[in-house]
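Visitor: Give me a 3D structure for the following:
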Amino acid sequence: MPSHLHLDESDLVRCRFALSPLGETQAAVRVLATPERHGYHLPWLRLIRDAAAGLALEPLWLLMARHGHSPDFFSPPPTGPVPTFEEEITEVRSVDPEVARQDIALSLVNRPELLHSPAGQALLADPARTVRDLADLLEQAWRVLVEPHWPRLRALLEADIAYHSRRLAAVGFERLLSELSPQLSWSGSTLTIVGAHARHSRVLGGQGLVLIPSVFCWPDAVSGFEPPWQPAVVYPARGIGGLWTEPADRTPQALARLLGRGRADVLCALDEPAGPSALAHRLGLAVSSVSEHLSVLRAAGLLTSRRYGHQVLYERTPLGIALAVPEHGGQE
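Guide: Reported below is the predicted structural model:
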């Protein structure tokens with residue numbers, strides 16, 4: 001069931017990337033509903049199994065159709081590039097109850113057995129309470145399922161955005177879309193999402209498009225956001241195959257002797273752009289220590305930095321790449 005988004009020139013200049021901790025939480029809840037589809041996340045499923053058993057996720061699962069519309073109000077597209085979970089869940093809690101009721105009804109209308117069930121009717125009877133209850137449940141899911149692993153997830157998502165931002169500059173919007181997901185294609189002025197959860201057509205009308213990488217949506221690209229929310233496409237982030245594996249020590253001994261073990265480890269860990277917090281989590285170091293190493297490496301010309309949202313991302317310069325990835329290995 002394809003979806004179609006119709007863009008004009010004003011939409012193209014308003015396309016942007018963003019990440020969403022709330023969107024990842026909602027997607028993680030979906031993974032728990034069908035764990036057999038998500039082999040890449042088996043290590044995570046084992047890690048959260050006992051804690052997740054205490055979550056009553058049935059009201060969310062009721063609204064998360066495998067095919068068809070899922071409510072937009074409990075996972076709206078982010079309004080900024082790197083919102084916090086607290087900012088996003090506050091937006092959910094402030095949604096108009098009537099907007100939420102219509103959104104829930106749209107989700108249930110093609111599933112009459114649920115629409116007329118006691119559970120479905122309870123969701124529609126008191127939408128203000130439903131919004132509160134679902135927001136509370138999403139916050140519980142965040143604390144248990146996602147927040148403990150957020151530095152690792154955020155590092156991968158930010159690396160994906162940095163990579164695809166460079167690809168957008170290099171190859172343009174049309175080719176970028178096919179690189180984001182084989183389910184995305186561009187023809188004329190229309191973006192088509194094949195295999196989307198719902199049949200959906202929308203004229204963007206100058207609002208632009210939000211492109212949101214996701215760890216837990218794999219293998220699907222998803223759209224379907226209806227007014228009043230900004231049009232968005234959620235696509236599978238790069239690199240999830242190695243997300244839950246612990247990296248081996250790849251720091252050349254000669255480089256460690258030259259720079260010191262801490263600085264050499266930081267330099268070698270920057271295969272993709274990352275911030276101090278993500279690197280600290282990855283390497284098991286204090287954020288203050290990583291920040292100091294990054295400053296020294298940048299001053300030495302081995303790293304460059306740029307601001308993305310509220311944080312600074314670092315990546316290796318050509319000289320840094322030459323040192324961190326020596327031609328003949330480098331383990332001495």
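
Visitor: Now do the closest residue to Leu62 other than its chain neighbours: how many residues are near it, please.
Guide: Once flanking residues are discounted, Leu62 sits nearest to Ala119: 5.9 Å by C-beta to C-beta, 6 or more residues apart in numbering. (Each C-beta comes from the backbone N, C-alpha and C, glycine too.) Number of residues near Ala119 (other C-beta atoms under 10 Å) recorded here: 11.

Visitor: same for the helix or strand Ala119 falls within, what does it pack against?
Guide: Following DSSP states H and E, one finds Ala119 within helix 118-125. If contacts are counted by 3 or more C-beta pairs under 8 Å, 6 or more residues apart in numbering; DSSP states H and E, helix 118-125 sits against helix 58-63, helix 97-108, helix 127-141.

Visitor: run the last query once more with 10 Å
Guide: Secondary-structure packing of helix 118-125 (3 or more C-beta pairs under 10 Å, 6 or more residues apart in numbering; DSSP states H and E): helix 58-63, helix 97-108, helix 112-115, helix 127-141.

Visitor: Lowest average pLDDT across those?
Guide: Sorting the helices and strands packed on helix 118-125 by mean pLDDT places helix 112-115 lowest, at a mean of 80.

Visitor: from the chain's centre, how far out does it sit?
Guide: Helix 112-115 sits 31 Å away from the centroid of its parent chain (C-alpha atoms, centre = their mean, to the nearest Å).

Visitor: buried set for it?
Guide: Leu114, Leu115 (16 or more other C-beta atoms under 10 Å).

Visitor: Need the contact partners of that helix.
Guide: Helix 112-115 has contacts (C-beta atoms under 10 Å, 6 or more residues apart in numbering) with Leu62, Leu63, Ala65, Ile104, Ala105, Ser107, Leu108, Val109, Gly120, Gln121, Leu123, Leu124.

Visitor: do the same with stretch 283-291
Guide: The contact list for stretch 283-291 (C-beta under 10 Å, 6+ apart) reads 151, 247, 262-263, 265-266, 268-269, 274-282, 292-293, 312, 314.

Visitor: quick one on the thing from earlier: off-centre distance for the helix holding Ala119?
Guide: Worked out by C-alpha atoms, centre = their mean, helix 118-125 lies 30 Å from the chain centre.

Visitor: Stretch 132-149 now?
Guide: Distance of stretch 132-149 from its chain centroid, counting by C-alpha atoms, centre = their mean, is 16 Å.

Visitor: Kindly check the end-to-end length of it for me.
Guide: One end of stretch 132-149 sits 25 Å from the other (C-alpha to C-alpha, to the nearest Å).

Visitor: and the closest residue to Ala274 other than its chain neighbours, what does it touch?
Guide: Once flanking residues are discounted, Ala274 sits nearest to Ala155: 5.1 Å by C-beta to C-beta, 6+ apart. Counting by C-beta under 10 Å, 6+ apart, Ala155 touches 239, 243, 269, 272-275, 277-279, 281-282, 313.

Visitor: Pull the contacting residues for Leu177.
Guide: Taking C-beta under 10 Å, 6+ apart as the test, what Leu177 contacts is Leu168, Gln183, Leu184, Ser185, Trp186, Leu191, Thr192, Ile193, Leu211, Ala221, Val233, Tyr235.

Visitor: Now list the buried members of the residues you listed.
Guide: Leu168, Gln183, Leu184, Trp186, Leu191, Thr192, Ile193, Leu211, Ala221, Val233, Tyr235.

Visitor: Mind listing what's buried along the helix or strand harbouring the residue nearest to Ala274?
Guide: Assessed by DSSP H and E, Ala155 sits inside helix 150-171. Using 16+ other C-beta under 10 Å as the test for burial, helix 150-171 gives 150-165, 168.

Visitor: Do I have it right that Val131 meets Phe74?
Guide: Yes. Using C-beta atoms under 10 Å, Val131 is in contact with Phe74, at 8.1 Å.

Visitor: The two: who's more crowded?
Guide: Phe74 (26 against 22).

Visitor: give the contact list for the more buried one.
Guide: Phe74 makes contacts with 22, 25-26, 29, 60, 63-64, 88-89, 92, 95, 100, 103-104, 130-131, 134-135, 137-138, as judged by C-beta under 10 Å, 6+ apart.

Visitor: Appreciated, that's everything.
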